[in-house]
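Student: Predicted model and sequence follow; I will ask about them next.
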Amino acid sequence: MLQELTASPQTGETLDHYRLDAAVARGGMSTLFKATDLRDGKQVAIKVPHAEMEADPVLIERFKREAEIGQELDHPGIVKTYNGEPRSRSYMVIEWVEGRLLRSILSQDGPLPIDRAVSLTRGICEALDYMHKHGVVHRDLKPENIMVDSEDRIKLIDFGIAMKEDARRLTYAGPSPLLGTPDYISPEQVKGQRGDQRSDIYALGIMLYEMLTGQTPFNGPNPLAVMNERVLNDPKPARKLRPEITPQLQEILFRALERDPRHRYATANEMAWELEHPEQVGVEENDQRKALGGLRLPAARKLLLYGSLGLVPLVIFILMLLLARR
């Protein structure tokens, strides 16, 4: 039975047989600690929900689902979540991974060499393909959730808003878990849809674009504008920002970043195969492809669409609040 706690543990304290050595990240719902298993001296990561989160049965159910998903996945490209023995409170024990976040690499190194960007993307594809075959969609892929070790091997981390395709919906998720991260969210998620494995492929396309060019393909004055931009317009061709990108690699980016998920890669394995065999990638030479980046909607229509799309998150949020009160 989990004891009822009113305060979150602090660095230096012991949680069962784990010593919390340092707080390495703090999010809206939990804190991640680097810790030591006092039984064998092994380093692990401990993810502890905030005390106020433990008081919310829906949020703690989401935390438990994250742990269950992590325990079901066993792949070298996915951080391991260890099965739990009896514990004094809710927390997750996660594999400690040495390395740097992809976000740190991009911030410090700028655009990556093309071969390295492609190699990292292929590694992410392999992990995604395994995860998707096990019915799990990450839904929040971004450089902050990719760990890269000294040999450029990757691990996907943080399954806080991951979804099992056969799982029931939770009643309340809040605006951020619902929508993911503005720079990497797929057009269908902007429209309020649940998203599937093709949404992860879209986010991966954004990351590949960023690794190659040093910037994400969509921007705007605020997060809502950034999200809506991908629904209304196509990205600027990466070759205009970095001419040494081949037409084949640009075509792969186009296919990953299709606004309509039906036209995107159906699986991460398909994207990985084309990255490995670029000579087999046919390049579409048509007016639509040539116009990408310069194709913009008329101002009046754009304002109308921005307004209507801007209401989507608000309407969904209100509906969830109403359901939560039933």
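Tutor: Structure's in. What do you need? Numbering: from 1, shown residues only.
Student: For the rest of this, base every contact and every neighbour count on C-alpha atoms.
Tutor: Fine.
Student: So residue 248 sits against residue 284, correct?
Tutor: No - assessed by CA atoms under 8 Å, residue 248 is found out of contact with residue 284, at 9.4 Å.
Student: neighbour count winner among these two?
Tutor: Neighbours per residue, other CA atoms under 10 Å: of residue 248 and residue 284, the larger number sits with residue 248, 19 against 13.
Student: For that one, which residues are in contact?
Tutor: Residue 248 makes contact with 278, 279, 281, 282, 283, according to CA atoms under 8 Å, 6 or more residues apart in numbering.
Student: Same question for residue 25.
Tutor: 31, 32, 33.
Student: Can you tell me the closest non-neighbouring residue to residue 160?
Tutor: Excluding the flanking residues, the one nearest residue 160 by CA to CA, 6 or more residues apart in numbering is residue 66, at 5.6 Å.
Student: next one: residue 164
Tutor: residue 136 is the one closest to residue 164 (CA to CA, 6+ apart), at 4.6 Å.
Student: Can you report how many residues lie near the one you found?
Tutor: 24.
Student: Torsion angles phi and psi at it?
Tutor: phi -110, psi 130 (degrees, to the nearest 10).
Student: now the one helix or strand residue 252 maps to, how far from the centre of its chain.
Tutor: Assigned by DSSP states H and E, residue 252 belongs to helix 247-256. In terms of CA atoms, centre = their mean, to the nearest Å, the centre of helix 247-256 is set 21 Å apart from its chain centre.
Student: other SSEs contacting whichever strand or helix holds the residue nearest to residue 160?
Tutor: For residue 66, the element it lies in under DSSP H and E is helix 57-72. Helices and strands touching helix 57-72, as assessed by 3 or more CA pairs under 8 Å, 6 or more residues apart in numbering; DSSP states H and E, comprise helix 51-54.
Student: Show me what the helix it packs on is packed against.
Tutor: For helix 51-54, the packing partners by 3+ CA pairs under 8 Å, 6+ apart are helix 57-72.
Student: Which positions in the helix it packs on come out as buried?
Tutor: 58, 59, 60, 62, 63, 64, 65, 66, 67, 69, 70, 71 (16 or more other CA atoms under 10 Å).
Student: Output it in PDB, but only the C-alpha positions, please.
Tutor: Included here for helix 57-72 are C-alpha records, laid out as PDB according to Å, rounded to 0.1, in the frame of the first residue of the first chain:
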ATOM      1  CA  PRO A  57      -6.400  10.000  -9.700                       C
ATOM      2  CA  VAL A  58      -6.400  10.700 -13.400                       C
ATOM      3  CA  LEU A  59      -2.800  12.100 -13.500                       C
ATOM      4  CA  ILE A  60      -1.500   9.200 -11.300                       C
ATOM      5  CA  GLU A  61      -3.200   6.800 -13.700                       C
ATOM      6  CA  ARG A  62      -1.300   8.400 -16.500                       C
ATOM      7  CA  PHE A  63       1.900   8.000 -14.600                       C
ATOM      8  CA  LYS A  64       1.200   4.300 -14.000                       C
ATOM      9  CA  ARG A  65       0.400   3.900 -17.700                       C
ATOM     10  CA  GLU A  66       3.800   5.400 -18.600                       C
ATOM     11  CA  ALA A  67       5.500   2.900 -16.300                       C
ATOM     12  CA  GLU A  68       3.600   0.000 -17.800                       C
ATOM     13  CA  ILE A  69       4.500   1.000 -21.400                       C
ATOM     14  CA  GLY A  70       8.100   1.400 -20.400                       C
ATOM     15  CA  GLN A  71       8.200  -2.100 -18.800                       C
ATOM     16  CA  GLU A  72       6.800  -3.700 -22.000                       C
END
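Student: what about that helix, average pLDDT?
Tutor: Helix 57-72 shows a mean pLDDT of 88.
Student: and if you look at stretch 238-257?
Tutor: According to the model, stretch 238-257 has a mean pLDDT of 96.
Student: How about that stretch, which residues are buried there?
Tutor: So stretch 238-257, judged by 16+ other CA under 10 Å, has buried residues 238, 245, 247-257.
Student: Sketch out the strands for this structure, chain order is fine.
Tutor: 14-15, 18-26, 30-37, 43-49, 92-95, 100-101, 136-137, 146-148, 154-156, 163-164 (DSSP state E).
Student: Mind checking those for the one nearest to residue 274?
Tutor: strand 154-156 (19.4 Å; CA to CA).
Student: ok, and what's touching the closest one?
Tutor: Contacts for strand 154-156 (CA under 8 Å, 6+ apart): 76, 77, 78, 79, 120, 123, 124, 127, 145, 146, 147, 148.
Student: Count the residues that sit near the fourth one.
Tutor: Residue 79 has 23 neighbours, counted by other CA under 10 Å.
Student: Fine by me, we can end here.
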